[in-house]
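Colleague: any chance you can model this:
(2 chains)
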Amino acid sequence: MDREFFVSKHDAKAENAFALDDNIMVRGGLTTAGSKMLHNFISPLQATVVDRLLAAGMELAGKTKLDEFAVPGISEGTCDILSGAVGAVAEGVCKVALCNDVSGKVRRQAPQNGLYYIHPTYGSVSRFGLIPAVSSMDQIGIVCKNIDDGFDTLGMIAGHDENDITTFPEKSYAYAPKEGKFRIGIPSNVLEEADEKSKELIYDFAGKHDAEETELKYFEVFSQVMYILSSAEIGNNTSRYDGVKFGYRADKFTGLNNLYTKTRTEGFGPDMKLLSVVGAYVLSKDNYEACYLKSMKIRRLIREHANELFSRFDAIILPIKLKDPDPYKNLALYAFATLCGLPSVSVPLGRNEGIQLVAQAKNENSLFGICKGGR
Amino acid sequence: MDMQTVSKYEAMVKLDLPESERIWIAEKVSMLEDSFSKLSKVDTEGVEPLISVVTHDYSLREDIPVKLVSRDEILSNSPEQFDGYFLVPKTIE
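Modeller: Numbering: from 1, shown residues only, chains lettered A, B, ... in the order given. Modelled structure (predicted):
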């Protein structure tokens, strides 16, 4: 049963084992990033997170399946395929699984399977050895059944890495649940788009703390900003896949240009092709200002709004899905943490349901405290 | 977006899509274009673009050469290599 979640599997004691999505490198092993383009790529490096977990005495359970390059997929059916990282932990094959959840799929699926997902502050965990997708948003997070296990694991992997210039200077972090009563903001404009069950869960959960309604500004353009910036960055990050230096190469071609084109056409899946085309569109002379530059400016407005919100609240509570199941519209729910580099925790509640909590950067301990019930 | 415009962007990113995929992408991009038009409603006058959320100063390591990966390891992932080089099709007749 568990093998359907894995690309490769090792013998390991579940209570001490971690799994990795197949876009995180283990030296000498295959790393496909879920793409035909890297079907035969042998990792010459090892991710810092792997070094740190092995040094802490954990064992590798295997590599789990993911959507191609973990990109925000909006093609039909993509969102319904269960993430390998979620499946592996839900099946009890390992204690935790590490993945890069740019799209938000894991933040939705983990609670729906009775699990937590910890998305740490951007810059607290090294991305060295992670196949890049959206560099300004890529962040390795943790799927776990038990929130203490999740934060224990985060304590093992977080901290400065000289191989990743975006990591904060702190060598390590002490994660412990903050105590007290928490101020939680409920963005009513977001809840208008959530189903009744999600609203009920949010009001019940937030009601145990000092809850107050608020507004999450710019929510109506979160999906657009997220998709535009993602497509531009993915387009750049995947220009390296050309059939020359590594990975897939088309069998038959006529000259160098045709080698590039045939290799990329055969090697990428539908969402990657869509994102590549959209990336070229938003970066083109005609659309750069209205799409790409505009999105970067709105990203700053969102970040400034986040600072204002977190001067009043310890956390903002969000649903994990909208009434409308359209994956593009649902990107908005995960964009707040991803675009701003903020920590979030997806929390399982009830049957196949859950909520998300987002906090100010480096404020994981508030999220930990809220998950533990406060005082 | 019409098919001709999709083809123009395809060529930029070195793709040559079969007709069925081009139709699907044209439909998706048209939907996205409609959606992107909402951005113009946000007032960004005088706002600087945010390129990265990193707020700390980048710390550079000591400038000491470190060999992370050997040439042989890098070349071993290449579909074709010769005499320590990546091999590509002939480009000059």
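Colleague: now the helices for the stretch 251-375 of chain A?
Modeller: A:256-267, A:270-283, A:294-312, A:327-340, A:364-371 (DSSP state H, counting those that start in this stretch).
Colleague: which helices and strands does the third one pack with?
Modeller: The one in question is helix A:294-312. Packed against helix A:294-312, as judged by 3 or more Cβ pairs under 8 Å, 6 or more residues apart in numbering or on different chains; DSSP states H and E, are the following elements: strand A:183-187, strand A:210-214, helix A:222-237, helix A:327-340. Just so you know, the C-beta spots here come from the backbone N, C-alpha and C atoms, and that holds for glycine as well.
Colleague: just to revisit the earlier point, out of the helices of the stretch 251-375 of chain A, nearest to B:Lys41?
Modeller: helix A:294-312 (10.5 Å; Cβ to Cβ).
Colleague: in the stretch 51-200 of chain A, which residue sits nearest chain B?
Modeller: A:Glu162 (4.3 Å; Cβ to the nearest Cβ).
Colleague: would you turn the helices of the stretch 251-375 of chain A into a markdown table with mean neighbour count and mean pLDDT?
Modeller: Listed next are these as a markdown table, based on neighbours: other Cβ atoms under 10 Å in any protein chain shown; pLDDT from 0 to 100:
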| stretch | mean neighbour count | mean pLDDT |
| --- | --- | --- |
| helix A:256-267 | 19 | 96 |
| helix A:270-283 | 24 | 96 |
| helix A:294-312 | 19 | 98 |
| helix A:327-340 | 24 | 96 |
| helix A:364-371 | 23 | 97 |
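Colleague: turn those into JSON lines, columns for distance to B:Trp24.
Modeller: Below are the helices of the stretch 251-375 of chain A laid out as JSON lines (distance: least, Cβ to Cβ, whole Å):
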{"stretch": "helix A:256-267", "distance to B:Trp24": "14"}
{"stretch": "helix A:270-283", "distance to B:Trp24": "7"}
{"stretch": "helix A:294-312", "distance to B:Trp24": "24"}
{"stretch": "helix A:327-340", "distance to B:Trp24": "14"}
{"stretch": "helix A:364-371", "distance to B:Trp24": "39"}
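Colleague: looking at these, which is closest to A:Ile74?
Modeller: Closest to A:Ile74 of those is helix A:327-340 (Cβ to Cβ; 4.5 Å).
Colleague: can you list the low-confidence ranges for the chain?
Modeller: No chain in the question, so chain A it is. A:1-3, A:374-375 (pLDDT under 70).
Colleague: you looked at the wrong chain, it should be chain B
Modeller: Using pLDDT under 70, the flagged stretches of chain B are B:93.
Colleague: pretty sure B:Ser52 sits against A:Ser136.
Modeller: Yes. Counting by Cβ atoms under 8 Å, A:Ser136 is a contact partner of B:Ser52 at 5.4 Å.
Colleague: which residues in chain B form helices?
Modeller: B:3-12, B:19-36, B:71-76 (DSSP state H).
Colleague: same list (those) but as a markdown table, adding mean neighbour count and distance to chain A.
Modeller: Output for these, formatted as a markdown table (neighbours: other Cβ atoms under 10 Å in any protein chain shown; distance: least, Cβ to the nearest Cβ, whole Å):
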| stretch | mean neighbour count | distance to chain A |
| --- | --- | --- |
| helix B:3-12 | 16 | 4 |
| helix B:19-36 | 16 | 5 |
| helix B:71-76 | 13 | 4 |
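Colleague: nearest to A:Val244, of the ones you listed?
Modeller: Among these, the nearest to A:Val244 by Cβ to Cβ is helix B:71-76 (11.3 Å).
Colleague: for the residue nearest the centre of chain B, which non-adjacent residue is closest in space?
Modeller: Note on chain B: the residue nearest the mean C-alpha position is B:Val13, at 7.7 Å, using Cα atoms, centre = their mean. Spatially, and ignoring its direct neighbours in sequence, B:Val13 is nearest to A:Ser276 (4.3 Å; Cβ to Cβ, 6 or more residues apart in numbering or on different chains).
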